[in-house]
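Participant: for reference, the sequence and a predicted model appear below.
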Amino acid sequence: MEGKVRVLVADTDVEYSASFVRYLSERQGSKYTVALVNNPEKLEKLMDAGYRADVLLVAPQYIKMLEAKVLNQLLSCFEGILVLKENNVASKDEAPKFRGYLGIVMEINKYQNAETLISEVDKIFLEAQKLERPRTVARGVAKIAVYSPIGGSGRTFLACLIAKYLASIKKKVLLQVFEDVTSLGVFFENLPLIESEFFLGIKTREGAIEFGEYVWKDEKSGVDVLLVSNAVSEACELSSEEVEKIFQTEHAGYDFVISELGAWDSLKAIKGLQHNDLVLFPMWDDESSRIKARKWVEFCSGYDGESFERLLGKCICIRFCRTGFENSSDVRENGFAETLNIPRFETQAVESKEVREIVAKLL
């Protein structure tokens, strides 16, 4: 363990938290640096000032007092989170708030002796260090969409790459692809034979959509893939309203939902993209792709105005090129939040340094 482990304790129980912090400082000061914050408003100011730590010890009641903005900041400031439960019942209602978190979350009964708590702090810190994951500030993203109106731009490749990588670091991932799912056979060896396209027949189904009926788990990668059942109905085209309904669905139990939208028309794509936390827009580094990307932005801006401008604010343009990694000199090109030049590659090996570096740039 290099240097000291940085610990922050966040709890409204002043007596309990002060006692634990005092013990860490006096008895374990050579190993830990520790800070205490009892007021959620002060925590926000602390993080705004750039505070970062390795492990956060936090009570569920404290979490409930945090506003959404502060919670998102919290997920980007700590490598591991140890939830201090009031009793031995698992705080299941807290888990969904950590979807999309790239660190480690553990729970422990709050009222333990100090040595037991310290042991858990060490455990979560070491587990976080073992993860082969992007060493970058996490965005706290739960839903990621991959979209481009440019054919052959690498949408499916990129979506599968990200899904398989996140699964490799023990995140629960659902991948949904909205075009011909047979192309997924390149990325998932034992993919069932599916002759129709994804979600065909949803328009004609009666009642609520049970997405669980269509989930296939790839045992090798750990990714759950949403496939259509051949017995659902005849093929039909999804309307914009149905697309929006699909993306509004909450998939309980997943950390990330990765969606590849296919070569949809612009208006239908906007309906889906607006319900994602991060949008990746792949393209090739050539003049034809640049023109098509610019035309897409101009059309959508004219149609959807300020709403589309906000969408671009969470959209990263990815240009596959022959050079190495670099941020584009025109970062706000076409209004995208960021433009990244990424070298062309073909490997899907999630353990490779190349893949880890690429995912780190995106997440």
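Facilitator: Nice, thanks for sending it over.

Participant: where does the stretch 201-350 of the chain have low pLDDT?
Facilitator: 201-210, 212, 228-237, 322-332 (pLDDT under 70).

Participant: the helices in it, which residues?
Facilitator: 240-248, 266-273, 287-312 (DSSP state H, counting those that start in this stretch).

Participant: okay, those in CSV with mean neighbour count and distance to Met47 next?
Facilitator: (C-beta placed from N, C-alpha, C; glycine too.) CSV is the format used below for the helices of the stretch 201-350 of the chain (neighbours: other C-beta atoms under 10 Å; distance: least, C-beta to C-beta, whole Å):
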stretch, mean neighbour count, distance to Met47
helix 240-248, 16, 30
helix 266-273, 20, 29
helix 287-312, 15, 24
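
Participant: so can I have CSV of the ones you listed showing distance to Lys170?
Facilitator: Listed next are the helices of the stretch 201-350 of the chain as CSV, based on distance: least, C-beta to C-beta, whole Å:
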stretch, distance to Lys170
helix 240-248, 25
helix 266-273, 28
helix 287-312, 31
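
Participant: secondary structure class for Leu57?
Facilitator: strand (DSSP: H, G, I helix; E, B strand; the rest coil).

Participant: that one contacts Val5, correct?
Facilitator: No: using C-beta atoms under 8 Å, Leu57 makes no contact with Val5, being 11.7 Å away.

Participant: and the gap between Leu56 and Lys42?
Facilitator: Noted for Leu56: a distance of 14 Å to Lys42, by C-beta to C-beta, to the nearest Å.

Participant: neighbour count for the two, which is higher?
Facilitator: Leu56 (25 against 12; other C-beta atoms under 10 Å).

Participant: for the more buried one, name its beta-bridge partners.
Facilitator: Beta-bridge partners recorded for Leu56 (DSSP bridges): Leu8, Ile81.

Participant: surely it touches Ile81?
Facilitator: Yes: contact criterion C-beta under 8 Å: Leu56 and Ile81 qualify, at 4.9 Å.

Participant: now Lys171. Nearest residue, chain neighbours left out?
Facilitator: Spatial nearest neighbour of Lys171, chain neighbours left out: Asp255 (4.2 Å); criterion: C-beta to C-beta, 6 or more residues apart in numbering.

Participant: ok, the one you found to Val58 distance?
Facilitator: 19 Å.

Participant: swap in Phe336?
Facilitator: 35 Å.

Participant: can you pull the contacts of the closest residue to Leu166 other than its chain neighbours?
Facilitator: Counting by C-beta to C-beta, 6+ apart, Leu166 lies nearest to Val173, which is 4.9 Å off, once chain neighbours are set aside. The contact partners of Val173, by C-beta atoms under 8 Å, 6 or more residues apart in numbering, come to 163, 166-167, 222-224, 254-258.

Participant: ranking by neighbours, what's the top pick from the residues you listed?
Facilitator: Counting by other C-beta under 10 Å, top hit in the contacts of Val173: Ala163 with 32 neighbours.

Participant: overlap in contacts of Leu57 and Val5?
Facilitator: In contact with both Leu57 and Val5: Val121, using C-beta under 8 Å, 6+ apart.

Participant: alpha carbons of stretch 173-182, as CSV, please.
Facilitator: Taking Å, rounded to 0.1, in the frame of the first residue of the first chain, the C-alpha atoms of stretch 173-182 are listed here in CSV:
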residue,chain,number,x,y,z
VAL,A,173,-24.5,-5.0,-18.1
LEU,A,174,-27.5,-5.2,-20.4
LEU,A,175,-26.8,-4.7,-24.2
GLN,A,176,-29.6,-3.9,-26.5
VAL,A,177,-29.2,-3.7,-30.3
PHE,A,178,-31.9,-2.3,-32.5
GLU,A,179,-30.8,-3.7,-35.9
ASP,A,180,-30.2,-7.2,-37.3
VAL,A,181,-29.0,-9.0,-34.2
THR,A,182,-27.3,-11.7,-36.2
